[in-house]
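Engineer: need a structure here:
(one chain, ligands or ions: 1)
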Amino acid sequence: MSDSYLPKDFLWGFATASYQIEGAPHEDGRADSIWDTFTRIPGKIADGSSGDVACDSYHRTDEDIALLKQCGAKAYRFSLSWSRIIPLGGRNDPVNEKGIQHYVKFVDNLREAGIEPMITLFHWDLPDNLHKRYGGMLNKEEFVKDFENYARVCFKAFGDKVKLWITFNEPWCSSILGYSTGLFAPGRTSDRSKSAEGDSSTEPWIVGHSLLIAHGAAVKTYREEFKEKDGGIIGITLNGDWTEPWDPNDPADVEACTRKIEFAICWFGDPVYFGKYPDSMRKQLGNRLPEFTPEEVALVKGSNDFYGMNHYCANYIKHKDTEPDVNDFVGNLEILYHNKDGEAIGPETQSVWLRPHPLGFRKLIKWLSDRYGGPTFYVTENGTSLKGENDKSLEEILEDDFRCEYFKGYIGALADAHAKDGVDVRGYMAWSLLDNFEWAEGYETRFGVTYVDYTGGQKRHPKKSARTIGKIFDQYIKKE
Ligand code: GBH
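Structural biologist: Predicted coordinates:
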């Protein structure tokens, strides 16, 4: 055991997202989100599934809270379904009291169980009507006003009970996977073999800009109208992997590592902390990357009370000598799982992109802490799938030692970042409380510390990792 530690009042728990767990898509007045319509398009989801039932968590809030308690969780990060709260989405559309009441009760029950709620306003499930009505996230003017209105409705309804707020989960995914590769809703791309519409040379950058301004607008509203009374904090959650050079002796690979992080993370982090996009992005994308007006800089710069960090893995990076393609979004480089000497960055999991490399967590959080002047961090997601898990017997699945080792490695690395590198980190949410609808991968990939028996009455079976996380934190969190 290392001598590293985490602070006394460290908040740890689990994370989920509405569309991935709730089901009940047409209950109590909910309308379609872009994920409801996207999953109906043949070929978009690996197993042809959707979130129609998912973990049925809409009807099983008591069971989910009981699980959290059993794990010893101190906090729970979940997202609100905008489509339950304002089914048609817009600022002039009706607010759905039943949707609000569902979450009020849920938040009350969490608090009664001694579990601190952390709310994500937007985890990708945009009301479909806004997408159809005016182009959704592509339409900055309309989208920013509608998101700001939705955020205010939520602050009003839950602000007295909820002290931790996240505006957007992983804007990179909404922008790139939704508007460049088309792997995620709404599935736009300029590649006509994948979709009939879109222009991936411009749209992802426009969408990213809309999300940043909408984040800034919601934070301004919180600070002006709620913060003093409710005393909470608000930030944005950014995803990003660590990078190691394919050839550490090649300065071009070393430089490409930084560029990769700038394209993946600083695209959003730099505007929030510095009020501008990274130079490397401006250089490659030119005027395809929107400019901030002075009013927008004022909204976005300084808009984080904390940095929400989602982190899963690391990659090797190899530079490219060729001119960047107009559809490139990674920074004109190759992302690899092996280095020059053939060494793997980490073992395989069920997710092609996810190779565990715990030391990368410590390095990345320190790197971000240095770049952004030592902000407070909340780790809002961290976890792993496990190769072949879905094909194993229940008995084997429940002994998920690989996932336990993952959490030991990553939480240990976080404690090192805190105790040895001086990073100000105050919370950690494991992804995820439950196996759930893993977006384009459907139900075949499982990330839960709890096994969900989708065909066996949705029964929940805690895996070994569900019990292990609490023990790990017990070792690291200072007692006094
Ligand atoms: C998180 O994103 C999400 O917030 C969460 O909802 C999800 O369930 C969890 O990951 C597990 O996947 O499609 O090959 O181009 C993590 C960051 C970034 C990981 C995009 C997958 C897509 C790789 N994600 N990445 S690919």
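
Engineer: residue in the stretch 301-450 of the chain nearest to the ligand?
Structural biologist: residue 353 (4.2 Å; Cβ to the nearest ligand atom). Where C-beta positions appear, they are placed from N, C-alpha and C, glycine not excepted.

Engineer: what's that residue in contact with, if anything?
Structural biologist: 312-313 (Cβ atoms under 8 Å, 6 or more residues apart in numbering).

Engineer: ok, now the one 3 residues further on?
Structural biologist: Residues touching residue 356, when contacts are defined by Cβ under 8 Å, 6+ apart, comprise 313, 346-347, 349, 384, 406, 409-410.

Engineer: grab the nearest non-local neighbour of it.
Structural biologist: residue 346 (4.3 Å; Cβ to Cβ, 6 or more residues apart in numbering).

Engineer: got the confidence number for residue 198?
Structural biologist: Residue 198 is assigned a pLDDT of 78 by the prediction.

Engineer: just give me the neighbour total for it.
Structural biologist: 22 (other Cβ atoms under 10 Å).

Engineer: quick check, it in contact with residue 182.
Structural biologist: Yes: using Cβ atoms under 8 Å, residue 198 makes contact with residue 182 at a distance of 7.0 Å.

Engineer: overlap of the contact sets of the two?
Structural biologist: 188-189.

Engineer: follow-up on the earlier one: ok, and of the contacts of residue 356, which contact the ligand?
Structural biologist: Among the contacts of residue 356, no residue lies close to the ligand (Cβ under 6 Å from any ligand atom).

Engineer: quick check: ChimeraX command selecting the buried ones in the residues you listed.
Structural biologist: To isolate the buried members of the contacts of residue 356 in ChimeraX, using 16 or more other Cβ atoms under 10 Å:
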select :313,346,349,384,406,409,410
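
Engineer: which ones among the contacts of residue 356 lie within helices?
Structural biologist: Using DSSP state H, the members of the contacts of residue 356 that fall within helices are 406, 409-410.

Engineer: mind giving me a markdown table with these and columns for pLDDT?
Structural biologist: Listed next are these as a markdown table, based on pLDDT from 0 to 100:
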| residue | pLDDT |
| --- | --- |
| 406 | 99 |
| 409 | 98 |
| 410 | 99 |
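
Engineer: of all these, which comes closest to residue 156?
Structural biologist: residue 410 (36.5 Å; Cβ to Cβ).

Engineer: ok, the closest one to residue 349 distance?
Structural biologist: Relative to residue 349, residue 410 is positioned 13 Å away (Cβ to Cβ, to the nearest Å).

Engineer: for the ligand, give me its nearest residue in the stretch 101-250 of the chain.
Structural biologist: Closest point on the stretch 101-250 of the chain to the ligand, by Cβ to the nearest ligand atom, is residue 239, at 4.2 Å.

Engineer: what's the neighbour count on that residue?
Structural biologist: 19.

Engineer: surely it touches residue 269?
Structural biologist: No: at 11.1 Å, residue 239 and residue 269 do not qualify as touching, with contact defined as Cβ under 8 Å.

Engineer: ok so, going back, show the contacting residues for the residue of the stretch 101-250 of the chain closest to the ligand.
Structural biologist: 170, 172-173, 264-265, 310-312, 381.

Engineer: run the last query once more with 6 Å
Structural biologist: Residues near residue 239 by Cβ atoms under 6 Å, 6 or more residues apart in numbering: 170, 172, 310.

Engineer: let's see which of those residues end up in strands.
Structural biologist: Applying DSSP state E to those, the entries found in strands are residue 310.

Engineer: most surrounded residue in the contacts of residue 239?
Structural biologist: Among those, residue 170 has the most neighbours (other Cβ under 10 Å), with 24 neighbours.

Engineer: show me what contacts it?
Structural biologist: Under the contact definition (Cβ under 6 Å, 6+ apart), the residues listed for residue 170 are residue 239.

Engineer: tell me which element the closest residue to residue 386 other than its chain neighbours is part of?
Structural biologist: In this structure, residue 386 finds its nearest non-sequential neighbour in residue 402, 5.0 Å apart by Cβ to Cβ, 6+ apart. Per DSSP states H and E: residue 402 is located in helix 401-419.

Engineer: now do the buried residues in that helix.
Structural biologist: 402-419.

Engineer: can you list contacts of stretch 274-286?
Structural biologist: Contacts for stretch 274-286 (Cβ under 6 Å, 6+ apart): 259, 262, 266, 270, 289, 297, 301, 324.

Engineer: next one: residue 339, what pLDDT does it get?
Structural biologist: pLDDT at residue 339 comes out at 98.

Engineer: ugh, typo on my part, it should be residue 194
Structural biologist: At residue 194, pLDDT is 53.

Engineer: how about the residues of this structure by the ligand?
Structural biologist: 17, 169-170, 173, 183, 239, 310, 312, 352-353, 381, 431, 438, 447.

Engineer: swap the cut-off to 8 Å and go again
Structural biologist: 17, 20, 123-124, 169-170, 172-173, 176-177, 181, 183, 237, 239, 310, 312, 351-354, 381, 383, 385, 431-432, 436, 438-441, 445, 447 (Cβ under 8 Å from any ligand atom).

Engineer: low-confidence stretches in the chain?
Structural biologist: Within the chain, the ranges that satisfy pLDDT under 70 run 1, 190-196.

Engineer: now do the strands in it.
Structural biologist: Applying DSSP E to the chain gives strands spanning 11-15, 75-79, 116-122, 164-169, 233-239, 242-245, 306-310, 314-319, 333-336, 377-381, 425-431, 450-453, 459-462.

Engineer: figure out how far the fourth one is from the centre of its chain.
Structural biologist: The reference is to strand 164-169. 9 Å (Cα atoms, centre = their mean, to the nearest Å).

Engineer: pull the residues that contact it.
Structural biologist: For strand 164-169, using Cβ under 6 Å, 6+ apart, the contacting residues are 118-123, 211, 215, 218, 232, 234, 236-237, 308.

Engineer: just the CA coordinates of stretch 404-417, formatted as PDB?
Structural biologist: Listed next in PDB are the C-alpha coordinates belonging to stretch 404-417 (Å, rounded to 0.1, in the frame of the first residue of the first chain):
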ATOM      1  CA  CYS A 404     -11.500  -4.500  -9.100                       C
ATOM      2  CA  GLU A 405      -7.800  -4.200 -10.200                       C
ATOM      3  CA  TYR A 406      -8.800  -1.400 -12.500                       C
ATOM      4  CA  PHE A 407     -10.300   0.600  -9.600                       C
ATOM      5  CA  LYS A 408      -7.400  -0.200  -7.300                       C
ATOM      6  CA  GLY A 409      -5.000   1.100  -9.900                       C
ATOM      7  CA  TYR A 410      -6.900   4.200 -10.800                       C
ATOM      8  CA  ILE A 411      -7.900   5.300  -7.300                       C
ATOM      9  CA  GLY A 412      -4.400   4.700  -6.200                       C
ATOM     10  CA  ALA A 413      -3.100   6.900  -9.000                       C
ATOM     11  CA  LEU A 414      -5.600   9.600  -8.000                       C
ATOM     12  CA  ALA A 415      -4.400   9.400  -4.400                       C
ATOM     13  CA  ASP A 416      -0.900   9.900  -5.600                       C
ATOM     14  CA  ALA A 417      -1.900  12.900  -7.700                       C
END
